[in-house]
Every structure is written in C-alpha cells, then in structure tokens.
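Asker: any chance you could fold what I've pasted below:
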Amino acid sequence: MHHAVVQMEQARRAGEARTGTVERLCREFPRMAESTDMALLLDSFKKFAIHGDTKATGKELNGKNWAKLCKDCKVTDGKSVTSTDVDIVFTKVKAKTSRVINYEEFQKALEELATKRFKGQSKEEALKSIHKLIEGKEPTNVGVTKVAKTRAVDRLTDTSKYTGSHKERFDGTGKGKGKGGREELVENTGYVGAYKNAGTYDEKTKEK
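Answerer: Sure, this is the predicted structure:
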C-alpha cells in the first residue's frame, strides 16, 4: 500500500513538472518570437542605414534613407501616411542639431506612424503591423546600378549600331576585320579600298 502511494505521488509530481515546463515554454515562446522579430527589424534598419554610403556604420539613418525605407517597405501609402508625414516624424524624433536618427529614435518614429498607418488597430497591434512591413526588408534598388552599367556597355559594344569608318572595321557578325578594317588600303585600280564609285571614272570618260 505504501509503495502504491509513493508511486502516485511521484506520478503527480512528474505531471506537475511537465505542466510547469509547458507553461514556461508558452510564456517564453512569444518572447523568443518577439526577440527574433526585433532582430529582423534591426537588420533592416542597418541595411537602409548604409544604403548609398560606403562610410556609414549602420548605426544611424539619414533623412533620405528613412524616407526610402518608408517607401520601399510600404509604410508610406500615399493616403494614411504620406511623404510629408514621414518627413515631419523624422524631424520630430531626431535631436535638434542632428541630421540622422539612431535605432531608438527610429523605433519612436515607427510608433508615431503606426496608428496613423493602421487606423482601427490598438497602439500595440499597429506597432506590430508596421514592424512586419519592415522586418527582413532591404533597399529595393540594390543591383540596379550594376544592371544599368551593363546595359550601357552593351550599347557601346554593339557593332551593329556603329556608323561611318567605325562600321567598316567589323564584319556582319561583329568580328573585327583587323588591319583591313583600320587602314584605307589602296587597290591596283588606284582607288581606295571599299570606295563606292570605284571603276566609274573610266566609264564616264568613255561616255564623253
């Protein structure tokens, strides 16, 4: 009998331990998820902070990149939140003499815009919604400059678009003609190579 009672007590304690573990995980999971989300938000802040500036540390965001972040992440929708709203909030949260905002000021700016962007939601819900717009995002035109340069080079090296003497240096496939394409070679006829009216002088003389 005593042995059975001991087993029951052990089972009860084990059950309580498992319940306690589950409850603890349930409490901790939202915090863990929130921590991950905040890490993504910080990562996006850093990416926009260094955009277009090789000397940037990623710790401060200037007004231009703040406006870009709001546009690229669709915080600015042209209705609830306009570019003017974005500029006003930036001026409001930054230090008076500063031209940039740090991460803490960035979060304050998002708080200012959250309820404006997500009307009808509570302050906490709106803040989470605006965070989701930004988390994990990066500047949209990364790589555009490289593509533009490639296209420009392609245009410059497209031999089919060459004119005049430059055109004569390449054949139909775009392959260079070598020396023959660079120099005006004098043929036995007395005319410069590729001269369009070659041979017509004698015919005109005969006609006279």
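Asker: let me see the ranges of the helices in this structure.
Answerer: 2-49, 63-72, 83-93, 103-117, 123-134, 144-156, 164-167, 179-182, 200-207 (DSSP state H).
Asker: what sits against Ala126?
Answerer: Residues in contact with Ala126 (CB atoms under 8 Å, 6 or more residues apart in numbering) are 114-115, 117-118. All C-beta atoms are positioned from the backbone trio N, CA, C, and that covers glycine.
Asker: ok, which pair from those residues is furthest apart?
Answerer: For the contacts of Ala126, the maximum inter-member distance is 7.5 Å, found between Thr115 and Arg117 (CB to CB).
Asker: the more surrounded of those two?
Answerer: Arg117 (22 against 18; other CB atoms under 10 Å).
Asker: tell me the pLDDT of the more buried one.
Answerer: Note on Arg117: pLDDT of 97.
Asker: residues contacting it?
Answerer: 75, 77, 80-81, 126, 129-130.
Asker: any of those buried? List them.
Answerer: Among the contacts of Arg117, those scoring as buried are 75, 81, 126, 130 (criterion: 16 or more other CB atoms under 10 Å).
Asker: and Gln121, how close does it get to Phe45?
Answerer: 22 Å (CB to CB, to the nearest Å).
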